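Engineer: Requesting a structural model of the entry that follows:
(2 chains)
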Amino acid sequence: MPPSALPDGDPAPVSGELPAAALASIAGTELGIYVHVPFCTVRCGYCDFNTYTLTELGGLGATIGVDTYADAALAEVDLARRVLGDEAPAVSTVFVGGGTPTMLRSGDLVRMLSGIRERFGLAPGAEVTTEANPDSVTPESLAQLSEGGFTRVSIGMQSAVPHVLATLERTHDPDNVARAVAATRAAGMQVSVDLIYGTPGESLDDWRRSLETAIALEPDHISAYALVVEQGTKLAAQVRRGLVAMPEDDDEADKYELADGLLADAGFGWYEVSNWARSEQTRCRHNIAYWAGTNWWGVGPGAHSHVGGVRWWNVKHPSAYAARLRSGESPAQARESLTDEQRHDERVLLGTRLVEGLPVDDLRTGGRGAVAGLIADGLIDGAAAVARGRVVLTRRGRLLADTVVHRLLAA
Amino acid sequence: MARTALAPHATPPDLIRNFCIIAHIDHGKSTLADRMLQKTGVVDPRAMRAQYLDRMDIERERGITIKSQAVRMPWAVEDAAGASTTYALNMIDTPGHVDFTYEVSRSLAACEGAVLLVDAAQGIEAQTLANLYLAMENDLTIIPVLNKIDLPAAQPEKYAEELAKLIGGEPDDCLRVSGKTGEGVEPLLDTIVAQIPAPTGDANAPARAMIFDSVYDTYRGVVTYVRVVDGNLNPREKIVMMSTRATHELLEIGVISPEPVPSNGLGVGEVGYLITGVKDVRQSRVGDTVTNASKPASKDLGGYRDPKPMVFSGLYPIDGSDYPDLREALDKLKLNDAALVYEPETSAALGFGFRVGFLGLLHLEIVRERLEREFGLDLISTQPNVVYDVTMDDGKAVHVTNPSEYPDGKIREVSEPIVRATILSPSEFVGAIMELCQQKRGSLRGMDYLSEDRVEMRYTLPLAEIVFDFFDQLKSRTRGYASLDYEPDGEQVADLVKVEILLQGETVDAFSAIVHKDKAYAYGVMMASKLKDLIPRQQFEVPIQAAIGSRIIARENIRAIRKDVLAKCYGGDISRKRKLLEKQKEGKKRMKMVGRVEVPQEAFVAALSSDGDKGKKGS
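Structural biologist: Reported below is the predicted structural model:
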C-alpha cells in the first residue's frame, strides 16, 4: 500500500543496479517481495494509495490494464533477479497489495507468484498474502489462490457500520465480509481483517460494534488503523470545506484503547502499534520485515523497496511504469542511500513499534538516558527495560510513540 | 515659468522663497512636488520617476515620506510692466507622521511659508491640522491648496470653507490644483513667490545655519541639510556644531536640484547640504546650529532638543545565532537614525536581544521592517510599552522601560506618560469616539466643529493606551474616517499593575505587561486564551495563569496530548515518516523551554502580534 506522494531523492540508475555495499547484506538476510496492484473499481474518498480506476487509465485502449499487468510485474521480477544476483536467498514472504489485487484474475495472481518462485525460489514455510475486497472474491477464486501457493488473505472490512462505510465511500456489502472470511478459511488459508477507526461521524459505539463484529468472525489477525486525512484526497477537500469534521486525536485515542482492550480480551495480542494476532504464528511476517529493517523488493508502480540501507521507489503511473520496463529500464524514479544517522533514526522509529521492542543498547547515550524518564512517565514498560534490556511501549506509550521516539533519539 | 537658475551663494535673499508642503499621507504631496520639479525644469520629463523625492523603498511603498529633503527650483515671474525676474524656490519636504513631530518642527523653522495641501475629496486630517497649528505658531505664511480637483468625488467648495475657517481668510483664497494633471501648479508657484516673505538675515554676521535633516549615505558619509540664517558657509572651511562644539571640515557644500550640485557656498536665506566626512548622524543633529570655526557665532538659533524615545520594545532574533547580526544591523541603522536607542537585554523566554527605544509606533515599525528587509533578519518584537516612573514606599525611584523590570515590593505611586491627542472625524462618530476614549482612560479637553459635519476633538490620553491598540480601534469604530494626531504632554499618576503570565507556574517574561488595574483582568483572559490556542499540547496538562503578584486573575488549561503516533507505517511510509521526523527534530531546536513546557517560536510571535489573530495549533 504505497502512499501516492513520493519523497524526493537521488537519481536512480537506469539499470537499477545497487551499490556493492547494499548488496553485501543480501545473502544472510531474509528477502520479501511486495507486489503492488494499482487498480480499483472506484476510488474511496479517504484513500491516497497509488491506485487508478480503469476509466482513469483510459479504458480498453489503455497500454496497461488488469489483463496485461501480471506480465509487466513479472518483467520487474526479472529485473530484481538480475540486480540482486545469484547471492539472493529464496523469498521468505510475498505480499500482494493495492489497490485491489483481486481485480486481477486469480490465475494472474498465481502466475505472478509462480514467476517469483521460478526466479528466486520460495523458502520453506514462506508466507504469501494477498489483500482482497470482500466483494471480489468467491470460494472458487480463493481455492485457486490457495492451490497456487497463497497462504494468507487480508480482507478490507474497515467497518461493520453502514453510515461509516458510506462516509469512507466503501461500496462493499458488509455481509460479504463474513462470507469471504469463511471461504478463505475453507480454502485453508489464514485470514486477517482490516479496520479503520476515527471516521467522521463514527461514535465510540459504532467502533465497538465494528470490533465486536470483526472478533466474532474469528480471524487469525486484525489490523486497525486510525483514519488519516491525507492531502489531495476527496476527504481532505471535504474537511477543508467544512462538510465533514476532522478526526480528533482524543477520539482516536479513546478508540485505540477500546480496540486494544477488546482485542486483548478476545485473545489477540498486539505485536505492532496497529496490528494484533491470535498467536505468534499468525503475525504478518512480511510486514514485520518493514519494521525490522530487512530487505524487500517492491514490484509495481509507486512501490517502495529497501535493500541494505538503500531505499528506492518506482514511478507512479502504471503506463509510465510499463513503458520503462518495456524499454529494458528500471522503473525506479529515485532513491536514497541512508546515512548512519538516518539508519539509526529508522531503527528507533520502527523498532519501537514492535512488541519485541528495541534493544536499549541500540540507543545512543542520550537515548539511553531518556529511558528512565519515559518509564516514569508511563510511556515504556519498566519491567521489559530492566529484565530484557528492551524498550517496549506501554498502551499509552504506543499512542504517544512520536514523543517517545523524539526522546529516544537524543544524541 | 522656468528659468535659468540663480547661482547659489550669490543669490540676494529677496529672490529666495523657502516653503514646505503640509499634507496628510495620500493627499498627494509627492505627486505635487514631482509636478513642480517638472514645471520648473529641474527634472527632465524623461528622467521623471514617480515620487522622485522619496528615496527609500519603504517610503515609496507606503506612500509616506520619512525623511525630508530640500530642492532648489528656479521660477520666473513677470511683473505688471512685463519685466521677468527669476527667483530661487526652496521646497523643504516634511515628514508626514506623528512620530516625527520634532523633525517637522525643524523643517518648518527653515521656512517662511507653507503650502497647506488638502485632498479635495477628503478634507483635512488630524496630522495635517497638528502640523498646520505648528506652522501657524512659527508665523509661517499659509497658502491653502485643494488637491485632486480632477477627482469625481472632489468637494472643493465644502473643504475650501473648512480651510478658510481654520486659517482665516475667504474660501476663494484657496487655490485648486491637480498634481496628477498639473492643473493649477503654475499659479501656485506664482503665489508662492508673491505671498511668502523673503528670508532675512545678517550677511556680515558669523554664520548661523540650522540643521533640519541629516542623512547617512554609504558612499559619502553623513549629508546634512541646513538653512542659513546669518552669514555664509564656504567650501573647505572649518565649521562648528554648536551643541557639541565639535569641529569638522566642510568637504563639500551645495544645493539639491534635484541631485546634489556643489556650490561656492551658501549665503543668507539659502538652503542646501553639507558634507563633512562624519559617519554618524549623531554628530550632525537635527535642530543644531552650524557656525564658522574661524569666526564662531556667540549664540545658537535655539530650539535644539535631544530626541526622546517614547516607546520601547524588545527585539529578538528568531534564530538565536543571528544575535551578532542584529547588533551589527542596529549599529548600522543608528548611523542614519539619531532617535534610535538600544541596549542588550536577555529574556528567559526569548534569549538574547535588545531593548529598543523609538519615537513612536511608526518609527518602531519602520525600524523593524528595515531590519528584516535590508538585513534579512527574522525578528520577534515584544508588545511595545511606554516608560514608567515608579516610586517605592521607601522613596526609591525606578525608571521602567521593560515590564519585567517592574519592581516587586511596596509601591507608593506609578507615573505614566500622557499625550494631547487630536481626533478629526465626521460628526456622526462623535459618540463612538467618546466611548472609545472613555474606555482608554481619556479625558476630553475640548471639541470644535470644523464644518457642519466634521468635528475636531481634543483629548488627554495615556500614551500606553495609544501604543496598545487605540488607533486600530479608532479606525474600526469610525469606518476608517477618523484621523489621529498626538504629542507628548507630560506624565500622570495612575493606578497601574503588572500582569504576569505563568505557564505551569513559571513566569514568561516576554508576556508581562503593565496595565491599568481595571484592564488587568481583560488582558489576563485575552493572553491566557490566546496562548491556549497557540501552545501545542504537551505530554502533561499545562495550566496557563495570569497573575497580579500572587493573585491569579485568569486561568486556562492545555489538556495533555494523548495520541501522536502515525497509525500506519509500512514500507512506503518509512521515508516519508523519517523525513517528517527530521523536520520535527529541526523544529524542536526552535522550541523555547519554559520550565518543562515546549513553546514554539511561532507561538511567541503570534501571541505578541497585536493584530489579535488567534493562531491555530498544528494538527
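Engineer: List the neighbours of the host helix or strand of residue A:305 that are in contact with it.
Structural biologist: Element membership for residue A:305, per DSSP states H and E: strand A:304-307. Here strand A:304-307 makes contact (Cβ atoms under 8 Å, 6 or more residues apart in numbering or on different chains) with A:2, A:18, A:22-23, A:25-26, A:34, A:84, A:290, A:293, A:295-298, A:311-314, A:332, B:571-572, B:574-575. All C-beta spots, glycine's among them, are computed from the backbone N, C-alpha and C.
Engineer: C-terminal to it, which secondary structure element comes first?
Structural biologist: Criterion used, DSSP H and E; the element after strand A:304-307 is strand A:310-314.
Engineer: and that next one, how far out from the chain's middle?
Structural biologist: 16 Å (Cα atoms, centre = their mean, to the nearest Å).
Engineer: List the neighbouring strands of the top strand by length along chain A plus their orientation.
Structural biologist: Of all the segments of type strand in chain A, defined by DSSP state E, the longest one is strand A:122-132. Paired strands of strand A:122-132, with direction, are strand A:91-98 (parallel), strand A:152-158 (parallel) (DSSP bridges).
Engineer: which residues does residue B:113 contact?
Structural biologist: Neighbours of residue B:113 in contact, by Cβ under 8 Å, 6+ apart: B:17-19, B:140-143, B:192, B:195-197.
Engineer: Return a selection command, for use in PyMOL, containing the buried ones of the residues you listed.
Structural biologist: With 16 or more other Cβ atoms under 10 Å in any protein chain shown as the criterion, this PyMOL line picks the buried residues out of the contacts of residue B:113:
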select buried, chain B and resi 17+18+19+140+141+142+143+192+196
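Engineer: ok, residue 392 - how many residues close by?
Structural biologist: If you meant another chain, say so; for now it's chain A. The local packing of residue A:392 (other Cβ atoms under 10 Å in any protein chain shown) involves 19 other residues.
Engineer: Hmm, no, I was thinking of chain B.
Structural biologist: Counted with other Cβ under 10 Å, residue B:392 comes out at 15.
Engineer: now do the one 5 residues further on
Structural biologist: Residue B:397 has 10 neighbours, counted by other Cβ under 10 Å.
Engineer: Check whether it really touches residue B:388, as I assumed.
Structural biologist: No. The criterion here is Cβ atoms under 8 Å, and residue B:397 misses it with residue B:388 at 10.9 Å.
Engineer: got the residue ranges for the helices in the stretch 351-500 of chain B?
Structural biologist: Counting by DSSP state H, counting those that start in this stretch, the stretch 351-500 of chain B has helices at residues B:361-375, B:430-439, B:463-465, B:471-477.
Engineer: Give me the phi and psi for residue B:88.
Structural biologist: Note on residue B:88: backbone dihedrals following degrees, to the nearest 10 are phi -110, psi 120.
Engineer: Same check on the one 3 residues further on?
Structural biologist: Dihedral pair for residue B:91: phi -100, psi 120, per degrees, to the nearest 10.
Engineer: related to what we said a few turns ago, counting only strands, which of the contacts of residue B:113 make the cut?
Structural biologist: Those of those lying in strands (DSSP E): B:17-19, B:141-143.
Engineer: now these in JSON lines, with distance to residue B:544?
Structural biologist: Shown next, in JSON lines, are those (distance: Cβ to Cβ, whole Å):
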{"residue": "B:17", "distance to residue B:544": "63"}
{"residue": "B:18", "distance to residue B:544": "59"}
{"residue": "B:19", "distance to residue B:544": "57"}
{"residue": "B:141", "distance to residue B:544": "60"}
{"residue": "B:142", "distance to residue B:544": "56"}
{"residue": "B:143", "distance to residue B:544": "58"}
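Engineer: With pLDDT and distance to residue B:216 as added columns, please give the residues you listed in JSON lines.
Structural biologist: Below are these laid out as JSON lines (pLDDT from 0 to 100; distance: Cβ to Cβ, whole Å):
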{"residue": "B:17", "pLDDT": "97", "distance to residue B:216": "29"}
{"residue": "B:18", "pLDDT": "97", "distance to residue B:216": "25"}
{"residue": "B:19", "pLDDT": "96", "distance to residue B:216": "26"}
{"residue": "B:141", "pLDDT": "96", "distance to residue B:216": "33"}
{"residue": "B:142", "pLDDT": "95", "distance to residue B:216": "33"}
{"residue": "B:143", "pLDDT": "96", "distance to residue B:216": "33"}
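Engineer: wait, residue A:357 sits on residue A:392?
Structural biologist: Yes. In terms of Cβ under 8 Å, residue A:357 counts as a neighbour of residue A:392; the distance is 3.6 Å.
Engineer: Can you find the helix or strand of chain B with the lowest average pLDDT?
Structural biologist: Using mean pLDDT, DSSP states H and E, helix B:57-62 stands out as the lowest-scoring helix or strand of chain B, at a mean of 49.
Engineer: Can you pull out the residues in contact with the helix or strand following that one?
Structural biologist: Counting by DSSP H and E, the next helix or strand C-terminal to helix B:57-62 is strand B:70-78. The contact list for strand B:70-78 (Cβ under 8 Å, 6+ apart) reads B:1-6, B:8, B:33, B:36-37, B:40-42, B:53, B:84-93, B:110, B:189-190, B:192-194, B:212-213, B:225, B:255-258, B:271-273.
Engineer: and the residues you listed near chain A, which?
Structural biologist: Among the contacts of strand B:70-78, not one lies near chain A by Cβ under 8 Å from any Cβ of the partner chain.
Engineer: Using neighbour counts, trim those to the buried set.
Structural biologist: Members of these classed as buried by 16+ other Cβ under 10 Å are B:2-3, B:5-6, B:8, B:33, B:36-37, B:40-42, B:53, B:86-93, B:110, B:189-190, B:192-193, B:212-213, B:225, B:255-258, B:271-273.
Engineer: for residue B:161, what are its contacts?
Structural biologist: B:171, B:451.
Engineer: The residue of the stretch 401-550 of chain B found nearest chain A: how many residues sit nearby?
Structural biologist: Residue nearest to chain A within the stretch 401-550 of chain B (Cβ to the nearest Cβ): residue B:539, separated by 5.9 Å. Using other Cβ under 10 Å, residue B:539 has 19 other residues around it.
Engineer: can you pull the buried residues of stretch B:343-358?
Structural biologist: B:345, B:347, B:349-350, B:352-358.
Engineer: Any chance of those in JSON lines with distance to chain A and pLDDT as columns?
Structural biologist: JSON lines is the format used below for those (distance: Cβ to the nearest Cβ, whole Å; pLDDT from 0 to 100):
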{"residue": "B:345", "distance to chain A": "31", "pLDDT": "92"}
{"residue": "B:347", "distance to chain A": "26", "pLDDT": "85"}
{"residue": "B:349", "distance to chain A": "22", "pLDDT": "78"}
{"residue": "B:350", "distance to chain A": "23", "pLDDT": "84"}
{"residue": "B:352", "distance to chain A": "24", "pLDDT": "93"}
{"residue": "B:353", "distance to chain A": "28", "pLDDT": "94"}
{"residue": "B:354", "distance to chain A": "32", "pLDDT": "96"}
{"residue": "B:355", "distance to chain A": "35", "pLDDT": "94"}
{"residue": "B:356", "distance to chain A": "36", "pLDDT": "95"}
{"residue": "B:357", "distance to chain A": "41", "pLDDT": "93"}
{"residue": "B:358", "distance to chain A": "40", "pLDDT": "91"}
